[in-house]
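Peer 1: sequence unavailable; structure follows:
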Ligand SMILES: Nc1ncnc2c1ncn2[C@@H]1O[C@H](COP(=O)(O)OP(=O)(O)OP(=O)(O)O)[C@@H](O)[C@H]1O
């Protein structure tokens, strides 16, 4: 009988070189019933496998096994050769402490100034000082994160820089590196600190430096698009850069729920439990989604207790304060109050400008200060919308080969942000308008056909759901025929890119936005 390794060798031999190139750093993981799981190093490669390469991959695998095989692609950043090299370097025998350099995650910049050593408490553990973050006059203006020096002794009891056996005896090294599923862009370096988020940020840094010790759990709450997910991912990155082998898992509450339901259905409860209990840091997003889901709450309660009893860190985000999560069991809400609760407020003008400046720099978008100020003055509440506005202005300028200036920004934003109250846009409005605009049906948008027009239409609709509604990634995926949240992430990125490269896509997105907002106003 053919095994997946053999079949994969046939795949590699059977593809033309330009397609095979995409598989250089890919790896077949396992064959589960009729699904071959393939790991790739990043989301972009995943997109290529899921679109361009899928028909050929599935054809060759189907021929090899003599039955229908579909592929499912998962991202494992440890397959990235650069990252692997860095990890191998990090796993060299530890130097004497005096010669040790703090480890840095590839996404994180080394400290730009000598960091102040934080005080130790009586048992020698690191004592985080959030207060200093709040009272330090240097923190008065929006600023960027300066990575502090990690403490000499990790909370897991091992010097940083060595491959520490973790406290519960779980495997170390790079095993499970792909499990964390962290967005490489959401780090502390890319997070702008202002008065609206200073406390939440300081607590997040403290938790990442002393997981399980500083505040457990940490709960971050605030309205949609204010940076909760970003902070959760940043904690994950920072923990992994400080503690080699630390097992970090990010999960949205929707995924946790779906995973739980599937585990019950497939009789895989113990695998499910291991996935969420054998971790050092569990980052769980949008906990409000568990409201009213009694069985999942029960399971999460036990997950929480197991982790907490073992001094493993739990970080939770919510769109409301725990007291206002009325449909959540009291015992869970009480536990959320054991740790530290921090909120994030909408950013003030100064912080919004700083966020745009940072975004422009990281995405290599050129926009003069007056344009950034103009955009920041127009979009006041949701940072996702703020970023969307910047992308549209710069895309419009690049398509027209015009400089980004105030008059151009005014034209673009006039359509994007109508005067007066903000009408509520729903996913069904977006899907309905997109379908009729492209002459498709809603079923087409939700179906599995991958014709070019359909793929673009589907991706535009997903992009607009992300930009114009408060729906989370998994929820948007659900609306489009139960797709995975990473498909939505890919669609968002793809359309952002296409808008600045193809006039047709820019026009389609603009026209559709107008139609959708017009419809919303009529409701
Ligand atoms: N302080 C900040 N500095 C830089 N970028 C930010 C900041 N706050 C939010 N963002 C960016 O705004 C966007 C939305 O943030 P994020 O997804 O973390 O919000 P959220 O609060 O989790 O929203 P939701 O509840 O809808 O999931 C992201 O691209 C994020 O990087």
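Peer 2: Yep, that arrived. Predicted, not measured: the structure shown is a model, and the values here were computed from it. Numbers count the residues shown, from 1 in each chain.

Peer 1: so residue 73 makes contact with residue 50?
Peer 2: Yes - at 5.7 Å, residue 73 counts as touching residue 50 under the criterion of Cβ atoms under 8 Å. Any C-beta I mention is one placed from the backbone N, CA and C, and that applies to glycine too.

Peer 1: between the two, which is the more surrounded one?
Peer 2: Neighbour totals were compared for residue 73 and residue 50, and residue 73 leads with 23 against 19 (other Cβ atoms under 10 Å).

Peer 1: can you tell me what sits against the helix or strand where that one lies?
Peer 2: Remark: residue 73 resides in strand 70-75, with elements defined by DSSP states H and E. Strand 70-75 is contacted by residues 29, 34-43, 46, 49-50, 54, 57-58, 61, 178, 181, 486 when judged by Cβ atoms under 8 Å, 6 or more residues apart in numbering.

Peer 1: so for it, what gets flagged as buried?
Peer 2: 71, 73, 74, 75 (16 or more other Cβ atoms under 10 Å).

Peer 1: avg pLDDT for it?
Peer 2: Regarding strand 70-75, the rounded mean pLDDT is 78.

Peer 1: tell me which strands it pairs with, and in which orientation.
Peer 2: strand 35-40 (parallel) (DSSP bridges).

Peer 1: next SSE after the partner strand?
Peer 2: Next along from strand 35-40, by DSSP H and E: helix 43-48.

Peer 1: between the next helix or strand after that following helix and strand 35-40, how many degrees?
Peer 2: Next in sequence after helix 43-48, counting helices and strands by DSSP H and E, comes helix 54-65. For helix 54-65 against strand 35-40, the angle between stretch directions is 130 degrees (axes from the mean of the first three to the mean of the last three Cα atoms, to 10 degrees).

Peer 1: just the buried residues of the contacts of strand 70-75.
Peer 2: Applying 16+ other Cβ under 10 Å to the contacts of strand 70-75 flags 29, 36, 38-41, 43, 46, 49-50, 57-58, 61, 178, 181, 486 as buried.

Peer 1: nearest to residue 220 among these?
Peer 2: residue 181 (18.5 Å; Cβ to Cβ).

Peer 1: and the nearest residue to the closest one once chain neighbours are set aside, how far from residue 39?
Peer 2: Once flanking residues are discounted, residue 181 sits nearest to residue 250: 5.5 Å by Cβ to Cβ, 6 or more residues apart in numbering. From residue 250 across to residue 39, the span is 17 Å (Cβ to Cβ, to the nearest Å).

Peer 1: likewise residue 71?
Peer 2: Separation of residue 71 from residue 39 (Cβ to Cβ): 11 Å.

Peer 1: how about residue 69?
Peer 2: For residue 69 relative to residue 39 (Cβ to Cβ), the value is 16 Å.

Peer 1: pull up the per-residue confidence for the residue of the chain found nearest the ligand.
Peer 2: Per Cβ to the nearest ligand atom, residue 227 is where the chain lies closest to the ligand, at 2.6 Å. We have a pLDDT of 95 for residue 227.

Peer 1: quick one: neighbours of it, just the number.
Peer 2: Residue 227 has 23 neighbours, counted by other Cβ under 10 Å.

Peer 1: which residues does it contact?
Peer 2: With contact set as Cβ under 8 Å, 6+ apart, residue 227 has these partners: 191, 197, 344, 383.

Peer 1: circling back: restrict the contacts of strand 70-75 to contacts with the ligand.
Peer 2: When Cβ under 6 Å from any ligand atom is applied, no member of these is adjacent to the ligand.

Peer 1: quick check, distance from stretch 269-288 to the centre of its chain.
Peer 2: 16 Å (Cα atoms, centre = their mean, to the nearest Å).

Peer 1: up against the ligand, what does the stretch 201-350 of the chain have?
Peer 2: Counting by Cβ under 6 Å from any ligand atom, the stretch 201-350 of the chain comes close to the ligand at 222, 224, 225, 226, 227, 228, 229, 230, 286, 319.

Peer 1: in a markdown table: those residues, plus secondary structure.
Peer 2: Shown next, in a markdown table, are these (DSSP: H, G, I helix; E, B strand; the rest coil):
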| residue | secondary structure |
| --- | --- |
| 222 | coil |
| 224 | coil |
| 225 | coil |
| 226 | coil |
| 227 | coil |
| 228 | helix |
| 229 | helix |
| 230 | helix |
| 286 | coil |
| 319 | coil |
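
Peer 1: which of the residues you listed sit farthest apart?
Peer 2: Farthest apart among those by Cβ to Cβ are 230 and 319. That separation is 14.7 Å.

Peer 1: follow-up on the earlier one: any idea which of the contacts of residue 227 is closest to residue 517?
Peer 2: Using Cβ to Cβ, those come closest to residue 517 at residue 383, 19.7 Å.

Peer 1: give me the pLDDT value at that closest one.
Peer 2: 93.

Peer 1: that one is in contact with residue 226, isn't it?
Peer 2: Yes - here residue 383 reaches residue 226: they are 6.1 Å apart, a contact under Cβ under 8 Å.

Peer 1: what is in contact with those two at once?
Peer 2: residue 347.

Peer 1: which element is residue 512 on?
Peer 2: Per DSSP H and E: residue 512 is located in helix 503-522.

Peer 1: what is that helix packed up against?
Peer 2: helix 383-399, helix 406-416, helix 427-438, helix 452-468, helix 485-501 (3 or more Cβ pairs under 8 Å, 6 or more residues apart in numbering; DSSP states H and E).

Peer 1: can I get these in TSV including distance to residue 335?
Peer 2: As requested, the helices and strands packed on helix 503-522 are exported to TSV (distance: least, Cβ to Cβ, whole Å):
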stretch	distance to residue 335
helix 383-399	29
helix 406-416	42
helix 427-438	33
helix 452-468	32
helix 485-501	26
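
Peer 1: residue 264 is nearest to which of those helices?
Peer 2: helix 485-501 (20.9 Å).

Peer 1: dump the residue contacts of the nearest residue to residue 45 once chain neighbours are set aside.
Peer 2: Among residues not flanking residue 45 along the chain, residue 22 sits closest, at 5.9 Å (Cβ to Cβ, 6+ apart). The contact partners of residue 22, by Cβ under 8 Å, 6+ apart, come to 45, 48, 49, 52, 53.
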